[in-house]
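Asker: please find the sequence and the predicted model below.
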Amino acid sequence: MNFLRHRLLTTLLVWIGMMLAGLFIVMLQLLPIYEDAEDKSDIWMLLFFSLVVALVLSAIVGSRVIGVAIKPIENATETAMELVKGNYVARASESNASNSIELSRTINVLARNLQEITAVRVMEQERLKTLIENMGSALIMIDKQGAVSLVNKPFLEEFELTPSVVMGKFYKEIQVPIEVENFIESVFMTETHSRVQIEFLSGLKLKNFNVYGAPVIGEHERWLGIVIVFQDITELKRLEQIRKDFVANVSHELRTPVTSIKGFSETLLDGAYKDTETLLSFLEIVHTESNRLEMLINDLLDLSKVEQSGFRVNAQPMNMEAVIKRAREMIQPKIDEKSIHLKLEIQPINVLGDANRLIQVMMNLLINAVTYSSNHTEITIRLFRKDNRAIIQVEDQGIGIESSEIERLFERFYRVDRARSRNSGGTGLGLSIVKHLIEAHHGQVEVDSTVGVGTTFTIYLPLAI
């Protein structure tokens with residue numbers, strides 16, 4: 001551009017010089033005419049004005065030449081420099097000069113194409129970023145030098161890290177469990193696909209992950225690094241273990257009464273029935289075990305029903321005080337058997353619920369309180385209103401529950417004291433049924449317990465409008 005400007009200026013100066021030379025020659029031709037004149041000032045005045053006119057004309061012509069030939073090229077050059085800087089919105093002005101209009105149009109077409117390509121690239125990057133951040137699985141990408149080049153939010157949250165301590169760091173420098181580090185190193189060294197299940201402690205919790213690692217291959221089969229994806233299967237493992245425990249517990253709970261019934265009936269058939277005292281004793285045991293078997297089957301059927309998707313209760317406005325008193329009457333014999341004092345602190349409150357199901361809930365909670373309470377202790381039932389909910393509390397003075405066991409308290413067949421609950425005839429399904437029935441009422445159930453002091457179950461139910 002500077003070369004072109006100098007070229008035009010040089011041409012202009014040559015043209016001005018030629019113009020002045022011509023003017024000087026004309027004056028020389030006119031000089032003999034005025035040589036006899038006494039006053040030659042007119043000659044110099046004419047020469048001066050001729051020079052001024054020549055300079056003005058030269059300036060006009062030069063400005064026109066520069067405006068037509070230089071300005072469009074300068075504008076095109078400036079636009080090109082803006083494109084180089086990444087400003088794809090810049091456009092060159094399209095003048096009518098035939099020598100530059102094609103250049104300006106071409107640069108503008110290039111600018112529009114670059115702008116469209118950039119917009120598509122930005123959109124694709126945003127889509128990729130959104131996908132990676134919201135994929136639900138933790139992800140980390142490591143380049144061929146072993147430095148972390150990309151992590152998503154689930155990875156940082158899972159391992160309690162921040163981008164500043166991860167990005168650009170060597171993968172052995174980031175604080176992840178040794179099992180995860182070993183897997184990353186294995187994929188990085190072998191440059192092969194790999195899938196494993198990893199189990200490690202995260203604080204006090206045991207975590208399970210399905211981890212997939214793969215090499216990142218670019219153009220021309222160039223190895224660019226590796227990518228590792230973590231899928232949290234802790235909950236799936238927990239549910240699988242619950243299923244296994246359920247099958248094992250059901251088998252055990254069914255086998256015990258069946259074995260007793262079968263054993264005593266075989267003994268009677270072998271001739272023990274001839275002894276009346278033995279016959280009555282064995283029949284009493286068979287009857288007791290049959291009741292236990294029936295209760296277990298009924299609880300299993302109830303639990304299966306309330307766990308079904310779409311289970312609904314027949315919720316209607318009802319008197320919760322009447323429900324509590326009815327449940328107390330039905331388990332009064334068990335209360336009297338252990339000489340337990342049942343204390344009621346009840347306000348008259350109507351709730352939105354299914355009376356039969358809530359009686360079942362209260363009976364299960366009271367039976368649980370009696371089971372784990374010693375003789376001559378006290379059980380307190382409270383009913384009161386707080387905000388827009390009814391609150392029911394069942395408080396005992398029993399053995400209490402370890403804090404580590406409270407999370408599993410509502411699992412099927414889970415028992416705090418297995419020997420005591422089995423001896424009392426419990427099935428281990430009562431609290432699980434309670435939880436599902438309360439949730440079906442759009443309520444909540446909470447547990448607060450201290451070992452050696454007692455346990456309080458708190459139920460929140462919606463009030464009847």
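Answerer: Sure thing, it's come through.

Asker: not counting sequence-adjacent ones, nearest residue to L358?
Answerer: V323 (4.9 Å; Cβ to Cβ, 6 or more residues apart in numbering). Heads up, the C-betas are built off the backbone N, CA and C, glycines and all.

Asker: how many residues are close by that neighbour?
Answerer: Number of residues near V323 (other Cβ atoms under 10 Å) recorded here: 24.

Asker: and Y460, by the same measure?
Answerer: Around Y460 there are 17 residues (other Cβ under 10 Å).

Asker: same thing with the one 3 residues further on?
Answerer: Residue crowding around L463 was assessed by other Cβ under 10 Å; the count is 16.

Asker: may I have the phi/psi pair for L344?
Answerer: phi -110, psi 130 (degrees, to the nearest 10).

Asker: residue contacts, the spatially closest residue to it that is not a sequence neighbour?
Answerer: Using Cβ to Cβ, 6+ apart and skipping residues adjacent in sequence, the residue nearest L344 is I381, 5.4 Å away. Taking Cβ atoms under 8 Å, 6 or more residues apart in numbering, we find I381 in contact with I324, R328, L342, K343, L344, E345, I346, L366, I392, Q393, V394, E395.

Asker: how near is the fifth one to I401?
Answerer: If you measure L344 against I401 using Cβ to Cβ, to the nearest Å, the figure is 24 Å.

Asker: the two - which one has more neighbours?
Answerer: Set side by side, L344 and I401 show more neighbours around I401, with 20 against 13, by other Cβ under 10 Å.

Asker: and the more buried one, which of the three is it?
Answerer: Following DSSP: H, G, I helix; E, B strand; the rest coil, the label given to I401 is coil.

Asker: one more: R385?
Answerer: strand.

Asker: how many residues are close by Q347?
Answerer: 12.

Asker: for L342, same thing?
Answerer: Using other Cβ under 10 Å, L342 has 16 neighbouring residues.

Asker: three-state assignment of it?
Answerer: strand.

Asker: on the strand side of things, show who it bridges to.
Answerer: On the basis of DSSP bridges, L342 is bridged to I379.

Asker: hang on, it packs against K325?
Answerer: No - the pair L342 / K325 is not scored as a contact, 10.5 Å apart, by Cβ atoms under 8 Å.

Asker: okay, now stretch 187-195: how far is its last residue from its first?
Answerer: Start-to-end span of stretch 187-195 (Cα to Cα, to the nearest Å) is 10 Å.

Asker: in it, what's buried?
Answerer: V187, F188 (16 or more other Cβ atoms under 10 Å).

Asker: how far does it sit from the chain's center?
Answerer: Between the centre of stretch 187-195 and the centre of its chain there are 27 Å (Cα atoms, centre = their mean, to the nearest Å).

Asker: and stretch 154-173, by the same measure?
Answerer: Per Cα atoms, centre = their mean, the displacement of stretch 154-173 from the mean C-alpha position of its chain is 17 Å.
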